[in-house]
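Undergrad: Sequence below, structure please.
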Amino acid sequence: MNIIGLKYKLVLVLFLSIPFTSSPYPIDGYDKTGIKRLQRLKLIIDGTIKDVQPISGALRSSASIKLNLTGEKGDSLIQLPKPDAKFQKAITGLFPNLDESYSIAVVDITKGKPIRYAKLNEHRQYQPGSVGKIAVVTGFFRELQRLYPTSFEKRIELLKSKTVRAGKWALYDEHTVPFFYPDEQKFFKRTVQADDVFTLYEWIDHMLSVSNNGAASVVWREAILMNVFGTNYPALTEEQAEAYFKATNKATLSEKAIAVVNDPLRDLGIEKEDWRLGTFFTKGASSYIPGQGGSTGSPYGLITYLIALERGKVIDEKSSLEIKKLLYMTDRRIRYASSPALINAAVYFKSGSLYKCKPEEGYECGKYKGNVDNYMNSVAIVEHPDGTTYLVALMSNVLKKNSGVDHQTLATFIDRIIKKKL
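TA: Numbers count the residues shown, from 1 in each chain. Next up is the predicted model:
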């Protein structure tokens, strides 16, 4: 059955009008992280602030979030297994036209059940868009580990205590970020400006929770500075950082930037054809450091990363768990993650898109409706209350059409397949 048919779309479009809000870090994590937006969510939950309550799938505590593949089961996934025949048939059935611009990799890791794998065009390359921000946070955590190799507590303290200014690096991005002033109970959202100052934890949160491009460039910048200045980084001033960037050859800076975010992927055995990041997310950052080679990704590369994360192999086990918490949903559930089937599930998620248009008779360019490129990508770890757990990497390039509803629809049907006894 072709699930992307009109009869399913008509029903699921109605669900898009339902408000889906969630926390991209466990809501009880304010004391640990100092991310002020989490404090506001706590006040919403206890009724102090009147606003939309988070959905049930967003209410996991920090202590309840675990890595699922740290034992023998994870060791069996050092290499992806051959596809399970029945599972593969069911997943392939969602894409009756194999020439469609869709690719996917799915791994069912539900506890107490055999691992099942299914795929379609898993090595096909796509522009990853904001999914590449996962590579940025990974590179950042690698530099943290180098800075404090024996103390995870010192890494967390630096994230919470060090503040940095956006500067030209963060300009420009249309995605707004939240501002909350607890003493005044004042809350608003706006785009990032050059003089905005946040802690490292908050910049990472802005990068992942609302996918702010400016925040991604700032986090990438700070990872580079950690790599260069080492133990001098915690006390590094903005003036010292700017002096370094101005004095260093741009080709040298480019090589450094690419290595910082891509070497950790290579360490996980992900080849550059399956995932690489080559360009900063803002024009402001690119004026300091030019791109190199472009960015690309495949479902195979992304699912390999998710498996490594659940195995505790991304940097180290504590870093893997912290990155997973930072991926605990976005500010609101969109695209794949907005499926009604996932309301009660914990979802660790990142979405990315990129579109490009050219003049064409009878065609009007629209957001996420490019006629040259129209990439939309989703990666997700889904954990249901009944123990059903699986990993998904879905990538598409369907021209002239916003594929958000299709991704949502696919999420619903993939969830049904996972739960069905095949």
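
Undergrad: Which neighbours in the sheet does the helix or strand where Asn377 lies have, and how are they oriented?
TA: Assigning secondary structure by DSSP states H and E places Asn377 in strand 373-383. Applying DSSP bridges to the sheet, strand 373-383 is found paired with strand 346-356 (antiparallel), strand 389-397 (antiparallel).

Undergrad: Dump those strands to a markdown table, plus mean pLDDT and mean neighbour count.
TA: Quick note: C-beta positions are derived from backbone N, CA and C, even for glycine. Output for the strands paired with strand 373-383, formatted as a markdown table (pLDDT from 0 to 100; neighbours: other Cβ atoms under 10 Å):
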| stretch | mean pLDDT | mean neighbour count |
| --- | --- | --- |
| strand 346-356 | 93 | 23 |
| strand 389-397 | 97 | 25 |
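
Undergrad: Just put those strands in a markdown table and tack on distance to Ala135.
TA: Below are the strands paired with strand 373-383 laid out as a markdown table (distance: least, Cβ to Cβ, whole Å):
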| stretch | distance to Ala135 |
| --- | --- |
| strand 346-356 | 10 |
| strand 389-397 | 14 |
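
Undergrad: follow-up on the earlier one: and the strand holding Asn377, how far from the chain's centre?
TA: Relative to the centre of its chain, strand 373-383 is centred 9 Å away, using Cα atoms, centre = their mean, to the nearest Å.

Undergrad: Which residues are in contact with the residue nearest the centre of the chain?
TA: Nearest residue to the geometric centre of the chain (Cα atoms, centre = their mean): Lys350, 3.0 Å. If you count contacts by Cβ atoms under 8 Å, 6 or more residues apart in numbering, Lys350 has them with Ser130, Val131, Lys133, Ile134, Leu208, Ser211, Leu327, Thr330, Ser378, Val379.

Undergrad: one more time with 6 Å
TA: With contact taken as Cβ atoms under 6 Å, 6 or more residues apart in numbering, Lys350 is in contact with Val131, Ile134, Val379.

Undergrad: Over to Asn377?
TA: Here Asn377 is in contact with Pro128, Val131, Gly352, Met395 (criterion: Cβ under 6 Å, 6+ apart).

Undergrad: would Ala118 count as being in a strand?
TA: Yes: secondary structure assignment places Ala118 in a strand (DSSP: H, G, I helix; E, B strand; the rest coil).

Undergrad: And it, how far from Ser76?
TA: For Ala118, the distance to Ser76 equals 17 Å [Cβ to Cβ, to the nearest Å].

Undergrad: These two - which one has more neighbours?
TA: Of the pair Ala118 and Ser76, Ala118 is the one with more neighbours under other Cβ atoms under 10 Å, namely 24 against 12.

Undergrad: Export the contacts of Lys350 to JSON lines and append columns for pLDDT and distance to Lys82.
TA: Putting the contacts of Lys350 into JSON lines (pLDDT from 0 to 100; distance: Cβ to Cβ, whole Å) gives the following:
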{"residue": "Val131", "pLDDT": "95", "distance to Lys82": "26"}
{"residue": "Ile134", "pLDDT": "98", "distance to Lys82": "27"}
{"residue": "Val379", "pLDDT": "97", "distance to Lys82": "22"}
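
Undergrad: which residues touch Ser403?
TA: Taking Cβ under 6 Å, 6+ apart, we find Ser403 in contact with Met376, Ser396.

Undergrad: give me phi/psi at it?
TA: phi -90, psi 10 (degrees, to the nearest 10).

Undergrad: So Asn212 sits against Tyr172, correct?
TA: No: using Cβ atoms under 6 Å, Asn212 is not in contact with Tyr172, being 10.9 Å away.

Undergrad: Could you report the neighbour count for the residue nearest to Asp274 when sequence neighbours are not counted?
TA: Computed as Cβ to Cβ, 6 or more residues apart in numbering, the closest residue to Asp274 that is not its neighbour in sequence is Gly301, at 3.0 Å. For Gly301, the neighbour count with other Cβ under 10 Å is 27.
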